[in-house]
Every structure is written in structure tokens, then in C-alpha cells.
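[1] Next comes the sequence, and after it the predicted model I'd like to discuss.
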Amino acid sequence: MKKIICIALIIFFSSTSWASEEKRTITVTGDADVHVIPDKVTINLGVQSFEKELDSAKRNNDQIIQMVMTVFKEFKIDPKYIKTNYIRISPEYETGTFSKRKIITGYSVNKDVVITFHDLDRFEDLLTKVLQSGVNNVYNIQFQTTKLRENKDKARKMAIQAAKEKALDLASSLDQKIGSPTHIQEEQMNWFSHGRMAQNTSYIPASYEADMEPTISPGMITINAKVSVTFELR
């Protein structure tokens, strides 16, 4: 019985000693934004045609698409950046009648083409030309950068530095120092955003000049990064 009690006491004191040696830590988050001038744009162009006869509707739609493709050649858009994204052919019915028999009034043909254009100085001219060619739907315009990976890495490093500075500031307020990081985690979030104002740190290239087109201004896109870092406290 005494042996059992002794063993229990040893285990108790060992666990108490281990708990007292548990490392003290501080966990902080760091945010960073990198503002980038876009150098490409993705745009979805739609052509909708309606005629009483199906053949006429399709022929009309095909003719418009061919004229749009001619515009793409004029602006030297590589075919690999042109994609037919959607095709829909459907009958249209007379509305406002109570007859059980549906009366077809014509046929609607819809085609969507997605393009990526890299010459932003000519983007407004391109948009004007495709509209003149017969495009009657324009949507989902996205200004982007071809240097996404490079700026992702920059934003991530800035976020880590922001987290370290925050940890130093918090620790020094309590007369403490930080040691080595014990845990680093990147928060999942959208890399692109607009008008985000809650970052710890922000980078804007000094070469930026607001000399965009008068009616379409891509401005700058924002690449975000957020990390959570745990440091030892000393």
C-alpha cells in the first residue's frame, strides 16, 4: 500500500513540474495589402439575337460573332485568350395569354465570349468597337495582374513582419520580450479586393500615375495577406 502511495506522489509531482515548465506564448495576427496597377482585363461579351425563324436567329447571331472576332484580330488578341463560354438556343412564347397551348413568337440565340486583353491603354477602344459590332451584353469585367504570385509573396512577407511588430509592441507594454515563433498560420482569404481599409501595413508603388482613360479607370487592385503567428514570451 505504501509503495502505491509513493508512486502516486511521484507521478503527481512530475506532472506538476511539467505544467510549471509549460512555455508562455503570445499569438498575434498580421495583415498586409499590396496595391498593384492592373496589366490585363478579363471581360465577358454576350450577343443575343431574336428572330421569328430559328435559322434567321442563328444566322444573325453567327454574323455578329464573326464581326466581333474580326475586331479581336484587329486588336491582336491571341486566340488562346478567346473562349466561347456559353451558348443557348430557345423558343420564345407569347405572354399574357391564358390559353393552354403555348404560342411560339420566335427564337432567341445567345452566345457569350470571354476574352483576356493585355493592352489596357486600348481597352476602351476595344469595348467601343465590339459594341458597334453588335455585342449587346457586357458583364463581369475584372482587372487583374500577371504578377500575382510575386505580389502574393510580397504581401505575405509584409503580413509576417506586421505580426512580429505587433507582438513586440504588446510584449514590451508588459515588460516582456518575444522569443522564437512556435506556430505560423496563413488565413484563407481572397487575394484581390477593392477599398479594403483594415490592414496593418500597405504598399503602393511610387511609379503609379493616375493617367488612365477618362471614362474607364482601372485604378489599382489590392492583393491581401493575413497570418497568425505565435511567439514565445521571455
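    Great, that's in hand. Source: prediction; values computed, not measured.
[2] Going by C-alpha atoms from here, please, whenever you check contacts or count neighbours.
    Will do.
[3] which helix is the longest one in the protein?
    helix 148-173 (DSSP state H).
[4] what's the following helix or strand after that helix?
    strand 178-186 (DSSP states H and E).
[5] Would you list the strands that that next one pairs with, along with their directions?
    strand 221-233 (antiparallel) (DSSP bridges).
[6] what residues does the helix or strand harbouring residue 127 touch?
    Following DSSP H and E, one finds residue 127 within helix 123-133. By Cα atoms under 8 Å, 6 or more residues apart in numbering, the surrounding residues in contact with helix 123-133 are 64, 67-68, 71, 75, 117, 213, 216.
[7] Now neighbour count, secondary structure and distance to residue 47 too, for these, in CSV please.
    Formatted as CSV, those follow (neighbours: other Cα atoms under 10 Å; DSSP: H, G, I helix; E, B strand; the rest coil; distance: Cα to Cα, whole Å):
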residue, neighbour count, secondary structure, distance to residue 47
64, 20, helix, 7
67, 17, helix, 11
68, 22, helix, 10
71, 18, helix, 14
75, 16, coil, 19
117, 22, strand, 19
213, 13, coil, 26
216, 10, coil, 22
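[8] What is the most widely separated pair among the residues you listed?
    64 and 213 (27.1 Å; Cα to Cα).
[9] what does the domain assignment say about this protein?
    Split into domains by automatic domain parsing, the chain comes to 24-38+147-233, 40-144.
[10] Check the gap between the closest residue in space to residue 43 that isn't next to it in sequence and residue 71 for me.
    Closest residue in space to residue 43, ignoring its immediate chain neighbours: residue 141 at 4.5 Å, by Cα to Cα, 6 or more residues apart in numbering. Note on residue 141: its distance to residue 71, by Cα to Cα, to the nearest Å, is 18 Å.
[11] the bottom helix or strand of this structure by mean pLDDT?
    Taking mean pLDDT, DSSP states H and E as the measure, the chain has strand 201-203 as its least confident helix or strand, at a mean of 44.
[12] what angle do the helix or strand containing residue 59 and helix 123-133 make?
    Residue 59 is part of helix 54-74 when elements are defined by DSSP H and E. Calculated by axes from the mean of the first three to the mean of the last three Cα atoms, to 10 degrees, helix 54-74 forms an angle of 150 degrees with helix 123-133.
[13] And for residue 232, the neighbour number?
    17 (other Cα atoms under 10 Å).
[14] same check, this time on residue 222
    25.
[15] Make sure it is actually in contact with residue 36.
    Yes - using Cα atoms under 8 Å, residue 222 makes contact with residue 36 at a distance of 6.2 Å.
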